[in-house]
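Q: Sharing a model prediction with you, sequence too.
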Amino acid sequence: MAIERSFWTQGPKFYRDNVDDECLLAFPQMASVMSNSAVAATVKDDERWHDVEIEPKGLVEPISSLAIITYEASATAHDGKPYKALVSSGYVKRQGSWKMAFHQQTPLPPKQ
């Protein structure tokens, strides 16, 4: 979860270091396979999330080199707007390091 939290708060270098060569992204407004450099290019240092909270919901490791996690995230965008989502990410182990190969977010309504 530490790696996952850093995807919310860190900049492009973290993405270049921790996204696999290709990553399947699925958001309500887009779904696409993107290269490591293309994913990193979507991240702006001055537009990172704040007050990130992660509530784990599940983790499976079907084989020793593949892990899939699901969690509920809440955070504050750089413009002050709150955000909640159900998030899933898939990681592959490459040369001893976990690399994100899949990431999906489903926005959730704010708690009333």
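A: Perfect, I can see it now. Numbers count the residues shown, from 1 in each chain.
Q: now residue 80, what's its secondary structure?
A: coil (DSSP: H, G, I helix; E, B strand; the rest coil).
Q: Just give the number of residues close to it.
A: Residue 80: 7 surrounding residues under other C-beta atoms under 10 Å. To be clear about C-beta, it is placed using only N, CA and C from the backbone, and glycine gets the same treatment.
Q: Run a quick check on residue 41 versus residue 12, I expect a contact.
A: Yes - assessed by C-beta atoms under 8 Å, residue 41 is found in contact with residue 12 at 7.1 Å.
Q: So which residues of the protein form helices?
A: Counting by DSSP state H, the chain has helices at residues 2-9, 12-18, 36-41.
Q: nearest to residue 63, of those?
A: Smallest distance to residue 63 across the helices of the chain (C-beta to C-beta): 18.6 Å, for helix 2-9.
Q: Next, the buried residues of that closest one.
A: 3, 4, 5, 7, 8 (16 or more other C-beta atoms under 10 Å).
Q: list the contacts for residue 90?
A: 66, 67, 68, 100, 101, 102, 103 (C-beta atoms under 8 Å, 6 or more residues apart in numbering).
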